[in-house]
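Visitor: heads up, no residue letters with this:
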């Protein structure tokens, strides 16, 4: 099983010609990093440049980093009810930064449903494969 863990932990190389830039992190106060890391690495393998804002990240930090790196996508991982309660603040922070409608906003995680995403105008993915498909499709339409 050690070989399986080493495969899961291996960091993919930076894409030479990224198809887009994704700011990704866990919304405050969520500290469950495993799912976010799986999605981040999958997006990177698919050709996206990923900028990780970490775990327990404030909504405003997502917006600031997205502006700083000229992100195409903001992806938030939400795995606790407390973090889910901050979804509206994240949506508001993106709007206040002038990013709503200009970037692709994606959410997913253990406590998130498609209805949650629809309520704030975000795209929803239930796993890393869906996240890659959604991001790739959305970036082609952008």
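Guide: In hand now; what should we look at? Keep in mind the model is a prediction, meaning the values are calculated, not measured.

Visitor: what about the helices in the protein?
Guide: Ranges of helices within the chain are 2-9, 33-45, 59-68, 81-84, 87-96, 114-120, 128-141, based on DSSP state H.

Visitor: among those, which is nearest residue 15?
Guide: helix 33-45 (6.9 Å; Cβ to Cβ). From N, CA and C alone the C-beta is placed, and that goes for glycine too.

Visitor: Go ahead and confirm residue 79 touches residue 33.
Guide: No: Residue 79 is beyond contact range of residue 33, at 9.3 Å (criterion: Cβ atoms under 8 Å).

Visitor: between those two, who's got more neighbours?
Guide: residue 79 (22 against 17; other Cβ atoms under 10 Å).

Visitor: Let me know the pLDDT of the more buried one.
Guide: Looking at residue 79, its pLDDT is 94.

Visitor: which neighbours do residue 79 and residue 33 share?
Guide: residue 26 (Cβ atoms under 8 Å, 6 or more residues apart in numbering).
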